[in-house]
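A.B. asks: here's my sequence, what's the structure:
(one chain, ligands or ions: 1)
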Amino acid sequence: MQTGAFPNALGFSTHVVKFAVNIEEQEETFYVQDVQGKGKGILAARPIRRGEFLFSEPPLFTLPPSPTNSTILGSLAKCTREEQRQYFALANSYKTRLLPALAIFETNFLLLGNGNLQVERKQDTAGIFLLASRFNSSCTPNVSKSWDELRNVMVFRTLRDIEEGEQLCFNYCGVLATKAERRRELLDEFGFECTCSACQLEGEEALESDKRRSAIARLFEEVGGCGNEPTLGIRKIKLALRMLKEESLVHYEASFCYDAFQFCVLVSDFPNAKAWIRRAWEVSCYTSGPDSNAARMFKMYWANPRSHQLAGTLPKTTLSGPDL
Ligand SMILES: C[S@@+](CC[C@H](N)C(=O)[O-])C[C@H]1O[C@@H](n2cnc3c(N)ncnc32)[C@H](O)[C@@H]1O
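C.D. replies: Modelled structure (predicted):
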């Protein structure tokens, strides 16, 4: 990667910085720079459209979650000196509590896979990514990360339109938790006090945001129980989508749209089913990428909604499509 246009962007004095690992990225889309109160962060070098690919990065090494200091040192021993230097230059939120290699791992590792720790605890599912480690957290994220297990890379895309100079962030914790819950999780699990814009809200604005996020989480559960009441299911989905928009959140949108599609196919309302699955496909393209399993499945149902196993299960009726 070249950062010649942004001297010192990675905190190195060299004019052109080459990454030791093979990073695929769009040139001059972003740069790394100090961000007030958060150490370094990644910023947009130009306006970036929703759904744009930012970069993909293979892990420097992977380990099971919760490794020991010596296992990490063992993995680092197989890296080049430059990679080791870059590793020890990463952020460390546990300086006073843990040995350096372990502290840096705990501050920066990303989970590969779907985050099911029960299944993944024993596998090498925690990875270190030298560039992606510079992404800070936001509870209203503008970047998605998805693990591409075929290519063995973490892929980063934008979730919404981004202005030049805006910081690029993904979420370290669940976005539907309340401000107090998120802040507690980030402090307990990640060792820092979150200063993202959502966590900076105060008074009435903070209460409204909490109420919306909790309501979306509740609706997410309730929609699953509406199998025999598709009209009610669609009403709840539309409410959830409105609140997601008000919170500037994209997470769960594709899933809600897929549920709406299923309600429509249940009652053989195929025109509205197509409209919902098209929306699910569009959203999944910028959250997980057009080659993701979810995007492929949605595209297949868009072409042939009648192929869904639930098609025609309930008496035929007409529901409604997504609001504009
Ligand atoms: C994976 S690193 C992110 C990049 C880091 N800022 C750096 O300088 O390399 C995680 C650390 O960044 C800081 N950080 C990330 N997101 C933050 C946020 N929303 N508010 C405050 N600090 C944050 C915390 O110190 C956290 O432990």
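A.B. asks: use CA for all of it now, contacts and neighbours both
C.D. replies: Fine.
A.B. asks: make sure Glu189 is indeed in a helix.
C.D. replies: Yes. According to DSSP: H, G, I helix; E, B strand; the rest coil, Glu189 belongs to a helix.
A.B. asks: gap between it and the ligand?
C.D. replies: Remark: distance between Glu189 and the ligand (CA to the nearest ligand atom, to the nearest Å) = 10 Å.
A.B. asks: count of residues packed around that residue?
C.D. replies: For Glu189, the count of nearby residues is 13 (other CA atoms under 10 Å).
A.B. asks: next: Cys196.
C.D. replies: Residues near Cys196, counting by other CA under 10 Å: 17.
A.B. asks: can you give me the strands for the chain?
C.D. replies: In the chain, the strands defined using DSSP state E lie at 24-25, 30-35, 39-44, 53-57, 61-63, 110-111, 126-128, 136-137, 143-148, 153-158, 167-170.
A.B. asks: looking at those strands, which is nearest to Val223?
C.D. replies: Closest to Val223 of these is strand 143-148 (CA to CA; 24.3 Å).
A.B. asks: show me what that closest one is packed against.
C.D. replies: strand 153-158, strand 167-170, helix 270-287 (3 or more CA pairs under 8 Å, 6 or more residues apart in numbering; DSSP states H and E).
A.B. asks: want to throw the ones you listed into TSV with distance to the ligand, mean neighbour count and mean pLDDT?
C.D. replies: Converted to TSV, the helices and strands packed on strand 143-148 look like this (distance: least, CA to the nearest ligand atom, whole Å; neighbours: other CA atoms under 10 Å; pLDDT from 0 to 100):
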stretch	distance to the ligand	mean neighbour count	mean pLDDT
strand 153-158	14	23	95
strand 167-170	8	24	98
helix 270-287	20	24	96
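A.B. asks: need the residues of this structure near the ligand, please.
C.D. replies: 38-41, 90-91, 93, 107-108, 133-138, 190-196 (CA under 6 Å from any ligand atom).
A.B. asks: where in the stretch 101-250 of the chain is pLDDT low?
C.D. replies: Within the stretch 101-250 of the chain, the segments meeting pLDDT under 70 span 114-122.
A.B. asks: quick one: the helices in it?
C.D. replies: Remark: helices assigned in the stretch 101-250 of the chain by DSSP state H, counting those that start in this stretch are 117-120, 179-190, 197-200, 203-224, 230-246.
A.B. asks: which of these is buried the deepest?
C.D. replies: Most buried of the helices of the stretch 101-250 of the chain by mean neighbour count (mean count of other CA atoms under 10 Å) is helix 230-246; its value is a mean of 18.
A.B. asks: with distance to Thr158 added, can I get the helices of the stretch 101-250 of the chain in a markdown table?
C.D. replies: Formatted as a markdown table, the helices of the stretch 101-250 of the chain follow (distance: least, CA to CA, whole Å):
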| stretch | distance to Thr158 |
| --- | --- |
| helix 117-120 | 26 |
| helix 179-190 | 22 |
| helix 197-200 | 18 |
| helix 203-224 | 21 |
| helix 230-246 | 16 |
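A.B. asks: quick check: Ala294 touching Glu282?
C.D. replies: No. Contact between Ala294 and Glu282 fails when scored by CA atoms under 8 Å: they sit 10.7 Å apart.
A.B. asks: what's the closest non-adjacent residue to Gly113?
C.D. replies: Trp147 (6.0 Å; CA to CA, 6 or more residues apart in numbering).
A.B. asks: what's near enough to touch the one you found?
C.D. replies: With contacts defined as CA atoms under 8 Å, 6 or more residues apart in numbering, Trp147 is in contact with 112-113, 153-155.
A.B. asks: farthest-apart pair in those residues, please.
C.D. replies: Among those, Gly113 and Val155 lie farthest apart (CA to CA), at 12.0 Å.
A.B. asks: residues contacting Gln123?
C.D. replies: 63-65.
A.B. asks: now with 7 Å?
C.D. replies: Pro64 (CA atoms under 7 Å, 6 or more residues apart in numbering).
A.B. asks: how far away is the spatially most central residue of the chain from Val35?
C.D. replies: Closest residue to the average C-alpha location of the chain: Ser144 at 3.4 Å, with CA atoms, centre = their mean. Distance, Ser144 to Val35, using CA to CA, to the nearest Å: 20 Å.
A.B. asks: with Pro271 instead?
C.D. replies: 48 Å.
A.B. asks: what's the distance between the closest residue in space to Cys264 that isn't next to it in sequence and His251?
C.D. replies: Nearest residue to Cys264, sequence neighbours excluded (CA to CA, 6+ apart): Ala273, at 5.0 Å. Separation of Ala273 from His251 (CA to CA): 21 Å.
A.B. asks: now swap in Leu98 and tell me
C.D. replies: The value you get for Leu98 to His251, if CA to CA is used, is 33 Å.
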